[in-house]
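A.B. asks: Need a 3D model of the sequence below.
(chains A and B)
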Amino acid sequence: MSDQEILDKLRTILHDTFEIEVTRVTPEAQLFADLDLDSIDAVDLAIQLQKLTGKRIQPQDFKDIRSVADVISAVHRLMAV
Amino acid sequence: MKGVGRLWRSLVSVLCFVAFAVGGTLMSAVLMPLLMSLPGPVLKCRSRARSVIGFCFRLLVRALAGSGCMRLETHEPGRLARARGTLVVANHPTYCDVVVLISLMPQANCVVKAALWRNPFYWGIVRAAGYISNASPEGVIEACAEALRQGETLLLFPEGTRTTPGQVLRFQRGAAHVALRSGATVMPVLIGCDPPALTKDSPWWLAPENPFTIRVDVGEELPMAQADPASAATPAIRARHLTNALQDHFSRELRRHGYA
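C.D. replies: Model prediction:
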């Protein structure tokens, strides 16, 4: 998948799971500061990413994630495994 | 004369803090282990521990009120005493709030910072009372919901920390998740402190220039958790809606009462 395809999928996930407007989801957007996710949402997001990639997500895959761009590169990493 | 009054009230506040710490240490080291070793089921031991905590907090409230440090006005406190399996949510202007509220509903459960499980003053108390630790975000939500399902009344401060005076009220979504997951009714408690005292910004040892009044206004149970039907919306979205509704309710009512 290209970055743009992953971003589109993320926009759908964030909208359907958290009602976040699609236009707010840019690569620079910070998940916690800008998109107002919290630690409970992070668990839901991880589940959605597992569905997307078909890979089990380990806590260490998630610990450095701050921005949407970080999520995109994490998805790339997971898909490459 | 005014300075003398403030000096006296500062002295009383410091003494109360010392009593809190010394009392807490003795209770953790001696009284609570003793209570826990008494015969009877776990729930009975926990209930005894909470009764002792309630008694100490009533004493503390009386000391603060009797010395002229604080005035306490309560509206419908009986609703707290009668609540069963209810999620009590309150705004959090001062560090006295929890003392005042637990003195009014000693058998309630509450969420306590995980660090207190290893705190030399309070470790024995939080353990004996069976309070819920905030160690993990997912764990704390489920533990709260389970306590409510078991019929306990639970006290939560949705702000997660004390209010900063003059700032817009901002609720975190944990309390809404707990309400939705447990199906418990929500009882809103408005707390006002006038003039602002015991806030995040004020030094703990210095009493405010004038005695302060804490007002506790216990509302009727809100049917909000049930009002949001089991729609297609995800729990995360329903928690957002309920949080917004609660936040609006508190902002509006606090303003209407002149508390904020």
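
A.B. asks: Nearest residue to the middle of the chain?
C.D. replies: Picked chain A for this. With distances taken as CA atoms, centre = their mean, residue A:71 lies nearest the centre of chain A, 4.4 Å away.

A.B. asks: my question was about chain B
C.D. replies: Note: chain B centre (CA atoms, centre = their mean) maps to residue B:98, 3.3 Å.

A.B. asks: so which strand or helix has it?
C.D. replies: helix B:97-104 (DSSP states H and E).

A.B. asks: any idea of the mean pLDDT for that helix?
C.D. replies: Averaging pLDDT along helix B:97-104 yields 96.

A.B. asks: OK, contacts around whichever residue of the stretch 51-200 of chain B sits closest to chain A?
C.D. replies: Nearest to chain A, among the residues of the stretch 51-200 of chain B, is residue B:137, at 3.9 Å (CB to the nearest CB). (Glycine included, C-beta is placed from N, CA and C.) Applying CB atoms under 8 Å, 6 or more residues apart in numbering or on different chains to residue B:137 gives the contacts A:38-40, A:43, B:174.

A.B. asks: Next one: it, what pLDDT does it get?
C.D. replies: Value for residue B:137, per-residue pLDDT: 82.

A.B. asks: got it, and residue A:77?
C.D. replies: 88.

A.B. asks: and if you look at residue B:231?
C.D. replies: pLDDT at residue B:231 comes out at 66.

A.B. asks: Equivalent analysis for residue B:239, please.
C.D. replies: 95.

A.B. asks: Quick one: name the residues of chain A near chain B.
C.D. replies: A:16-19, A:38-41, A:43-44 (CB under 8 Å from any CB of the partner chain).

A.B. asks: So of the residues you listed, which two are at opposite extremes in space?
C.D. replies: The largest separation in these, counting by CB to CB, is between A:16 and A:39 at 20.0 Å.

A.B. asks: Buried residues in stretch B:52-68, which are they?
C.D. replies: Neighbour counts over stretch B:52-68 (16 or more other CB atoms under 10 Å in any protein chain shown) mark B:52-54, B:56-58, B:60-61, B:64, B:67 as buried.

A.B. asks: that older thread, and the residue nearest to the centre of chain B, what is it in contact with?
C.D. replies: Counting by CB under 8 Å, 6+ apart, residue B:98 touches B:110, B:155, B:157.

A.B. asks: No more questions from me, cheers.
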